[in-house]
Structures are given as structure tokens and as C-alpha cells.
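Student: Quick one, structure for this:
(one chain, ligands or ions: 1)
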Amino acid sequence: MRFETKAIHAGLEIGNPSKAIIPPISPTTIYEIDADGRKDGDLHYTRLGNPNRLQFEHLIAELEDGETAAAFSSGIAAASAVLQSLDPGDHIIIPEDVYAGNRKMVKQIMNRWGLKSDFINMTTLENIEAHLKPETKLIWIETPSNPLMRITDITGVAKLAGSHSIKTIVDNTWPTPVNQLPIQLGADLVLHSTSKYFGGHSDILGGAVVARKNDVFFERLQLIQKMGGAVPSPQDCWMLSRSTRTLSYRMKGHNDHAALVAEFLLNHPKVADVYYPGLASHPGHEIAKMQMKNYGGMVSFIVDGNQEESINIVGRSKLIKRATSLGGVESTWEHRQSSEGEGSVTPKNLIRISVGLEHPDDIIEDLEKALG
Ligand SMILES: *Cc1c(COP(=O)(O)O)cnc(C)c1O
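Tutor: Here you go, the predicted structure:
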């Protein structure tokens, strides 16, 4: 089956013995045990498993071409489960401009529990190779990165890592499997904040990890999902499966509109630089072209001015809402450095837009007025 078809049908296939086309939500926390005792594989308690979570996990694994998946109550819960699956003393390589929440989680929590980390520029394989240590167990990739839109060569890193028995994970939240399939490119694991494009309507918080193989590492991760307890509710899983059925078509709109916005900004006198991997002028464009089908709905740009002018521009929008996060059908934007806080490497005059599905002319007219 092709991607669009899987997105609609894969979540409907399992855990639904009724004849309803759309599976029901199962709010129950408990399941009746058979009269002759507990059996492996049966559902017992919703933290350990429930039909709606199994449906969503099956769906996202199918879409990312993985063997299996685990869903979490947020993207960062999924990310911390991955790191908790390592041992104290293990070392990871992670981008210096990684999603700010993950940076804080590693530095303020995981490092205290003995995880070693190097935050580096991951745009060249040479720099990654130079930071490998005997204890390196995981290379964390975020491409395009948030919000600098740096591009990392997934195939190159996966080969390098594989030759040292190091696992690779790709945070695929921004591109989504519509635009980029890391497991096909050689990665072992894929991370998602499903709060973004999978949810797609700014009303669900969630996360997921998809694994190439149902191996020992994934078993550890699943233990942390069940015994760490950061699981999504059946209601949220049901909502996510529903949203995912339109993911392909929402992404086509996000891709098209973001390309138009990037082109508009590139030609605007108040804009000093535009970060969008679809632009031929982007330093990572050639690698992006090889590993992405399209370039996603996020655009960052540098104002020809200071921090105050940048905040003022964001303050003047009418249609585009001032908000953090991304991936909703409505356009949002923010002065990114204000959201990231301490340790941020984001320039003080960078604005980040999540380009929505409104008519692109309305989005661009609003940008035009805000830029003045
Ligand atoms: C939002 C985001 C996360 C964290 O996800 P939450 O659902 O907010 O916990 C991780 N990575 C990226 C790239 C994100 O945009």
C-alpha cells in the first residue's frame, strides 16, 4: 500500500473486533481476566496497553516503515525514554541547536543520572566523527533542525554510526514521514512530537518512538513506557489516529504554502536571510534534496534589525497568531529566542513561522503588513 492509503487504513485494521468502520474509544482502565486465569497477550490495565494506543502505534510504525512503535504522553517523554534506555556512563552526540526542550532535558536531568553528551554542529560528518568516543552509544539527529534549519546527512551518519555499533535516532517531528523517511535512509529509531503535525490542530499533546527492529533496545524502551508511565490516554490516541488520516494532504498544503512564504521573504527588503531547506540558496539544500521529498511547513528568517524590531514585527500580525509550537492548520509565529531561554544559540533577530493551511495570499498579505 502507498503512503496516503496506509495513513487512512492502517489504524483501522487492528484492535477493533466490532463492525464499526471507525474504532470506538475505549476509556476503560481495566479488562476482565479469563475464568481460567491471566494469559500473556491479553489486555489487563490501560497503562500497559489499550486498543486505541495499539492502533496508533501500529499506524505510526507503518507510516515510518518501522517494525514497531511506542506512544508517549508528549514528545519529550518519548525523548527521555530513549535516553533512559541507555546506561549511566554512555555518551551521546546531539546537535548544538537541538529542540530547546531536549537540550534542557539532557543537561538538567539526564547528565545528573550519568549520561555524557556532546552538543555539536552536525552539518559535517567530519565533525561528528571527531566527537566519537568508545562510550558513544547514540547519535541524535534533528534535520531540518529547530529553528536554524540545519541539514544533517542521515545516510552518512547512519553508515558512520553502524560501523561503530552506535544507534542513530532522527527527530522527524518537522518533516514528518510524508517528507522524510529516516528508517529507509538507515536510521535505527525515529522520534516524534505528535503534538505537532500528526495532531495537526494544536489540541493534542503526544509523542512516539518508531523502531526499525523490535530488538533488545526497543524492549527496554517499552519497559520505560509501561513502568515509567508517561503514556497517552485512549482519547488522545483516538484523536491522533483520526488526525493522521489527513496527514498526507495537510502536509502537501504546508509544503506548498511554506515554499511561497520563503520565496516572499527572500525578496523582502526588511529580511536579511531566510532559512528554508527548499531554497536553492540554503547551504544544506543538496543533501535535503536527496533525503527529503519536500521541505515542510516551517520557515525561519533573520530580520534586518535588532531584537526589539523583531519582536515588534511579530506583534503586528493580525491573522498569524503569536504562539510557540507548530504544525497546526492555523499559521503561528514567534520571536524564537524568547521561547528558548538560557543556553539558546538562536540569533536574537530570528522569527520562526509555522505556515498554516489558510489561503497563502492571506498569509503573505498579513506578513507584508507586519513587516511594514
Ligand atoms: C515540540 C518538539 C518536541 C517536544 O515535543 P512535546 O510534545 O512538546 O513534548 C521535540 N522535538 C521537536 C523537533 C519539537 O518541535
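Student: need the next SSE after the helix or strand in which Lys289 is found, C-terminal direction.
Tutor: Using DSSP states H and E, Lys289 sits in helix 285-291. Downstream of helix 285-291, the next assigned helix or strand under DSSP H and E is strand 298-303.
Student: residue contacts, the residue of the stretch 151-300 of the chain found nearest the ligand?
Tutor: Closest residue of the stretch 151-300 of the chain to the ligand, C-beta to the nearest ligand atom: Ser193 (2.9 Å). (C-beta placed from N, C-alpha, C; glycine too.) Applying C-beta atoms under 8 Å, 6 or more residues apart in numbering, we find Ser193 in contact with 74-76, 78, 99, 173, 206-207.
Student: Ignoring the adjacent residues along the chain, who's closest to it?
Tutor: In space, and not counting its chain neighbours, Ser193 is closest to Gly75: 2.6 Å by C-beta to C-beta, 6 or more residues apart in numbering.
Student: May I have the phi/psi pair for that neighbour?
Tutor: Note on Gly75: backbone dihedrals following degrees, to the nearest 10 are phi -60, psi -40.
Student: per-residue pLDDT, it?
Tutor: pLDDT for Gly75: 98.
Student: That one contacts Tyr197, correct?
Tutor: No - taking contacts as C-beta atoms under 8 Å, Gly75 lies outside contact range of Tyr197: 11.5 Å.
Student: Taking the contacts of Ser193, tell me the two that lie furthest apart.
Tutor: Pairwise distances across the contacts of Ser193 (C-beta to C-beta) peak at 15.2 Å, for the pair Tyr99 and Gly206.
Student: still on that earlier bit, relative to Ala161, how far out is the residue nearest to Ser193?
Tutor: According to C-beta to C-beta, to the nearest Å, Gly75 and Ala161 sit 22 Å apart.
Student: go on, Gln180?
Tutor: Counting by C-beta to C-beta, the separation of Gln180 from Ala161 is 18 Å.
Student: Who does the residue of the stretch 151-300 of the chain closest to the ligand form a beta bridge with?
Tutor: Beta-bridge pairing for Ser193 (DSSP bridges): Gly207.
Student: quick one: the strands in the stretch 151-300 of the chain?
Tutor: In the stretch 151-300 of the chain, the strands defined using DSSP state E, counting those that start in this stretch lie at 167-171, 189-193, 207-211, 271-275, 298-303.
Student: Show me which parts of stretch 202-217 are buried, residue by residue.
Tutor: 202, 204-212, 217 (16 or more other C-beta atoms under 10 Å).
Student: returning to what we had before: just the CA coordinates of the helix holding Lys289, formatted as CSV?
Tutor: C-alpha atoms of helix 285-291 as CSV (Å, rounded to 0.1, in the frame of the first residue of the first chain):
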residue,chain,number,x,y,z
HIS,A,285,19.8,22.2,0.0
GLU,A,286,21.7,19.5,-1.9
ILE,A,287,21.5,17.0,1.0
ALA,A,288,18.0,18.0,1.8
LYS,A,289,17.0,17.3,-1.9
MET,A,290,18.5,13.8,-1.6
GLN,A,291,16.8,12.8,1.6
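Student: For Glu368, list the residues it contacts.
Tutor: Phe264.
Student: Please renumber the chain so that the first residue is 122 from this point on.
Tutor: I'll keep to 122 as the first residue from here, and by that count the last item is Glu489.
Student: Give the helix, strand or coil label for it.
Tutor: Put simply, Glu489 is helix when judged by DSSP: H, G, I helix; E, B strand; the rest coil.
Student: how far away is it from Gly449?
Tutor: Here Glu489 is placed at a distance of 22 Å from Gly449 (C-beta to C-beta).
Student: next one: Val466
Tutor: From Val466 over to Gly449 (counting by C-beta to C-beta), the distance is 26 Å.
Student: Which of these two has more residues huddled nearby?
Tutor: The neighbour comparison of Val466 against Gly449 (other C-beta atoms under 10 Å) goes to Gly449, with 23 against 15.
Student: Excluding residues flanking it in the chain, which one is nearest that one?
Tutor: In space, Gly449 comes closest to Ser323 once its chain neighbours are excluded; the distance is 3.7 Å by C-beta to C-beta, 6+ apart.
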